[in-house]
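In: Sequence and computational prediction follow.
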Amino acid sequence: MKLQAPEHLKSTHRLLLNSIVEWLLFLPVWIVLQKYLQSGVTALPWMYTLPLISMAGVMLRQSCNRKWKQLLAALLLGVLAGILAGAFSLREIPLYAGAIISAYLGITAGGRSSRLRIYTAGIAVYFVATIAFARIPLLQPSVAVLTWSGSLCLILALLDSNTSHLHYSSFTGDGSPLPRGIRRHNRLFVLLFIAVAALLAAGAGRALGLFLWHAAQAFFGWVSRLFSDSSKPEPQQEAPPQVMPEMPPAETHEPGLLAMILNAAFYAIGAAALIVILYFGLRWLYRNSGGVWRKFIDSLLSLLRRESPQNNTAYQDEEKSIFTWEKTVQGVREYWRSRTTSASRRDRWEGMNGGREQTRWLYRHWLKNKRAQGYLQRSYLTPQETTVDIAEWNESRKPQRKAQETAPDASSAQLLRFYNQARYGGTEPSEAEVRQLKERLKL
């Protein structure tokens, strides 16, 4: 357990950073929604709640291992983001949708192996946004932020694709030496894309977008002049006289607190009623219809019950899921006894009761002895595979030690047989045989 905790924390930190990177990849979309949909000035803008919601989804990924749990958690986190951003009007519903998508991406971040597609989509969004933001007055102040964040996303896409390419080409993990050709390709690849990112940060992307925009305007203007008759000037239409002066706009008053509470309660009751009607309607159709509709509902239910793949491939000794009060009380008593007893006294041969516990004690100390001699234990191997691996490790040691390892190999085979009998057999090994095996193993 102590060996798995740093790896779990490392993967969690990596997924938290990936959630921030995914938020940066679609920053133009968030800026557009922020500018046009969020009304008023709030303490926490909606755009900045998205990475927090995505990171919260990353922390909930282990408990949400089924599709329906992931969708429900994403819905709740998206509603929470909307409430924090103060989005309470109907026109701000897309803000909730964007927060729900961000939360779902955070919850399912651990199941995505390759991020090349999302990087490609994000860079395409930045390319379109660089052209559009320069033409829209409301979005023009965000062009500088867009340029720098787009350059950063391009560099991150470069590093990710380059790392994947190196792992694929070398067939080795991190820390292994790479051939000279792969190193040269790596340097050229990095220098080329960083130069492209520097050009984009300097304004080349905006200049290219404006050039393409003006070129398209000039082309369509030339085509329109080619097919139009420029000899006859178009008559200018005069504006009709104003019949009567416009009335001043009526004064608008902010709704009171009671009106806002009743408004929210009305929408909540209406949404709950619609959900109940929809549920009973679908239930009636499922029970009283067949054919394509029933198959569609069955496939939808199987999709919602689907579990996420777990990355825990390590071997486990045994698992128990049967709950009884006697075992629970005994477990609590043993827990407090183990907490008040030192580690050296807890794991003693004299404290083992019966052949089953003595066999497990022998197996643990046998592995501990092999590790002290220099054997590197692999936690994902079964006891049978561990015994074979230790035999191969003994053969690879110095030749003068082979004669000394012949007797322990036979004892190791008997220890494996006793251990499997203790785990799977109906009867436990006898204490006399286990005691004789302990003397032969010199433990």
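Out: Cool, got the structure. From a predicted model like this one, the values you see are computed outputs, not experimental measurements. Numbers count the residues shown, from 1 in each chain.

In: CA atoms for contacts and neighbours, from now on please.
Out: Noted.

In: Quick check: end-to-end length of stretch 104-115?
Out: Start-to-end span of stretch 104-115 (CA to CA, to the nearest Å) is 16 Å.

In: where's that stretch relative to the chain centroid, distance-wise?
Out: Remark: stretch 104-115 is offset 4 Å from the chain centroid, using CA atoms, centre = their mean, to the nearest Å.

In: Buried residues of it, list them for me.
Out: Tyr104, Leu105, Gly106, Ile107, Thr108, Ala109, Gly110 (16 or more other CA atoms under 10 Å).

In: With adjacent residues omitted, what lies nearest to the last one?
Out: When you say that, I think you mean Gly110. Leaving out its chain neighbours, the residue that sits closest to Gly110 by CA to CA, 6 or more residues apart in numbering is Leu15, at 7.0 Å.

In: who are the neighbours in contact with the one you found?
Out: Val58, Gly106, Ala109, Gly110 (CA atoms under 8 Å, 6 or more residues apart in numbering).

In: by contact count, what packs against the host helix or strand of Trp393?
Out: Using DSSP states H and E, the element containing Trp393 is helix 383-395. Helix 383-395 makes packing contacts with helix 406-424 when contacts are defined by 3 or more CA pairs under 8 Å, 6 or more residues apart in numbering; DSSP states H and E.

In: Please put the alpha-carbon coordinates of the helix it packs on into CSV.
Out: Coordinates of each C-alpha in helix 406-424 appear next as CSV, following Å, rounded to 0.1, in the frame of the first residue of the first chain:
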residue,chain,number,x,y,z
THR,A,406,19.2,-26.4,-4.7
ALA,A,407,17.8,-27.4,-1.4
PRO,A,408,15.9,-24.1,-0.8
ASP,A,409,14.3,-24.6,-4.3
ALA,A,410,12.6,-27.8,-3.1
SER,A,411,11.6,-26.1,0.1
SER,A,412,10.2,-23.2,-1.8
ALA,A,413,8.0,-25.5,-3.9
GLN,A,414,6.7,-27.1,-0.7
LEU,A,415,6.1,-23.6,0.8
LEU,A,416,4.1,-22.6,-2.3
ARG,A,417,2.0,-25.8,-2.0
PHE,A,418,1.3,-25.1,1.6
TYR,A,419,0.5,-21.5,0.9
ASN,A,420,-2.1,-22.4,-1.9
GLN,A,421,-3.6,-25.0,0.5
ALA,A,422,-3.9,-22.4,3.2
ARG,A,423,-5.6,-19.9,0.8
TYR,A,424,-7.8,-22.2,-1.3
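
In: how far away is the residue positioned nearest the centre of the chain from Asn369?
Out: Compute the mean C-alpha point of the chain, and by CA atoms, centre = their mean the closest residue is Ala109, 1.6 Å away. Look at Ala109 and Asn369: by CA to CA, they are 41 Å apart.

In: Check Ile100 too.
Out: 53 Å.

In: So which of those two has more stuff around it?
Out: Ile100 (27 against 13; other CA atoms under 10 Å).

In: There's contact between that one and Gly82 in this structure, I believe.
Out: No. With contact defined as CA atoms under 8 Å, Ile100 does not count as touching Gly82 (9.5 Å).

In: residues of the strand or helix carrying the residue nearest to Gly110 that come out buried?
Out: Using DSSP H and E, Leu15 maps to helix 4-25. For helix 4-25, burial by neighbour count (16+ other CA under 10 Å) applies to Thr12, Leu15, Leu16, Asn18, Ser19, Ile20, Val21, Glu22, Trp23, Leu24, Leu25.

In: After it, which helix or strand is next?
Out: Following helix 4-25 toward the C-terminus (DSSP H and E): helix 27-37.

In: Report the inter-axis angle for that next one versus helix 4-25.
Out: Angle, helix 27-37 to helix 4-25, by axes from the mean of the first three to the mean of the last three CA atoms, to 10 degrees: 60 degrees.

In: List of residues touching stretch 68-86?
Out: Under CA under 8 Å, 6+ apart, the answer for stretch 68-86 is 42-46, 49-50, 53, 57, 61, 64, 88, 95-104, 107-108, 304-305.

In: Can you give me the buried ones in the host helix or strand of Ile269?
Out: Using DSSP H and E, Ile269 sits within helix 257-288. The neighbour-count check on helix 257-288 (16+ other CA under 10 Å) flags Tyr286 as buried.

In: That one packs against which elements?
Out: By 3+ CA pairs under 8 Å, 6+ apart, helix 257-288 packs against helix 292-304.

In: Domains in the chain, by residue range?
Out: Residue ranges for the domains of the chain, per automatic domain parsing: 4-172+185-216, 270-307, 347-441.

In: pLDDT below threshold where in the stretch 101-250 of the chain?
Out: Along the stretch 101-250 of the chain, segments meeting pLDDT under 70 span 113-114, 163, 165, 167-183, 187, 193, 197, 201-202, 227-250.

In: rerun at 80
Out: For the stretch 101-250 of the chain, the stretches with pLDDT under 80 are 110-116, 151, 154-191, 193-209, 223-250.
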